[in-house]
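S.K.: model this:
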Amino acid sequence: MLRLLGIVLALLCAVGAAVITWPSLFHLERTLPFAQIVSFRGLVAAGFAVLLVVALLLLFVRPIRAFAAALALIALVAGAANAAVVFSRGTGTDALPTKSGGAIRVMEWNTAGEATSPETIAQTAVAMDADVVTLPETTIATGEKVAIAMRTMGHRMWAYHTQYGEHGWDASSTTILISPRLGTYSVIESSVHGTSNTSTVPSAVAMPTDGKGPIIVAAHAVAPRRVAMAGWRHDLQWIADQCASANVIVSGDFNATLDHMTGYGVDGGTMGRCRDAASQTGNGGVGTWPTKLPALAGAPIDHVMATPNWKVAGSLVLRSRDGSGSDHRPLVVQLDPVG
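M.R.: All right, here's what the predicted structure looks like:
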């Protein structure tokens, strides 16, 4: 009887480990609680490592030795699989490549509202030589201060934004800064008024009015809390839908990792036709949230993506800004035009 119970428990543990490690295999990657667990693959791998140690210690208990051996094997395989996913997506790069004349640098940073000063944002953007800066949870008042500060440092930018409602909640605003060298832009009306937008916190779609630059989408999906799962799934689909055109750059806080994006890509894309930049350039496993966790233990939920007419030349997750106030790390990506 004890042996049978051990076999059943081992099978249940194996199924549980498989669901946690490969939720998309069971179509559970966007289902509570697996969506939340798989966001932190680094922590999951560490958890299985602890379980492995416990199982090895249980080998000394003769009546449950067989079960302990099975548990150790499950923990070893699942832990190694999660660690392999993190390392295959990239554990971090130290620098961006030299910027060519046609290259665009995009910086994304969820600033957590007033937690991050305009001066810090401006200094970071100028240091990164950013041409596009997408700032979820940033009001236009703060965005204009950032643009003015950047101008005094010799780096001109135009500020655009969208906002839900009239209240001063920073998360109800998203701001984009765009270099004049990309041309003139306007945030489209459906984005401004929310008739076509993310569900709870706003995204901004900036269209070039002179036909020169790419469509730039500053995305902000709602967090996948228990009461917001449907809205979160809607937001991910909305982001994917923005990547239908030929010349699109999407940058923002997706509140989702690559594991949540299964089924949203077309023609080899990650979301629609857009391809994730960080995972192509060695940073896809680096957590951008929260800053209180080590980078490899955090969740890579901030992204920059582009359609195939842009080649991803490099990316950088700025861990040096962990003490700036925001609970997100900035992500900087360099895109080179194809052809």
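S.K.: and residue 79, its phi and psi?
M.R.: Taking degrees, to the nearest 10, you get phi -60, psi -40 for the backbone angles of residue 79.
S.K.: the chain should start at 499 in everything you say after this.
M.R.: That works, and once the first residue is 499, the last one we named lands at residue 577.
S.K.: contacts only, for it.
M.R.: 543-547, 549-550 (C-beta atoms under 8 Å, 6 or more residues apart in numbering). Where you see a C-beta, it was placed from the backbone N, CA and C, and this is true even at glycine.
S.K.: swap the cut-off to 10 Å and go again
M.R.: Listed by C-beta atoms under 10 Å, 6 or more residues apart in numbering, the contact partners of residue 577 are 515, 519, 542-550.
S.K.: mind picking the two most distant members of these?
M.R.: Pairwise distances across the contacts of residue 577 peak at 15.5 Å for 519 and 548 (criterion: C-beta to C-beta).
S.K.: pLDDT on the helix or strand encompassing residue 568, on average?
M.R.: In this assignment (DSSP states H and E), residue 568 forms part of helix 563-587. Confidence for helix 563-587, expressed as mean pLDDT, is 96.
S.K.: same question for stretch 537-544.
M.R.: For stretch 537-544, the mean pLDDT works out to 98.
S.K.: and the contacts of it?
M.R.: With contact meaning C-beta under 10 Å, 6+ apart, stretch 537-544 is reached by 515, 518-519, 535-536, 545, 576-585, 587, 589, 722, 753-758, 783-785, 787, 791-799.
S.K.: more neighbours: residue 519 and residue 548, which one.
M.R.: Neighbours of residue 519 and residue 548, each counted by other C-beta atoms under 10 Å, are more numerous for residue 519; the result is 22 against 11.
S.K.: contact partners for the more buried one?
M.R.: 535-536, 539, 542-543, 546, 575-580, 583, 757.
S.K.: before we move on, what about residue 717?
M.R.: 606, 632, 634, 672, 695-696, 699-703, 733-734, 736-737, 740, 748-753, 769, 800-803.
S.K.: you'd agree it is in a strand?
M.R.: Yes - assessed by DSSP: H, G, I helix; E, B strand; the rest coil, residue 717 belongs to a strand.
S.K.: residue 670 is in contact with residue 663, correct?
M.R.: Yes - Residue 663 lies in contact with residue 670 (C-beta atoms under 10 Å); the separation is 5.7 Å.
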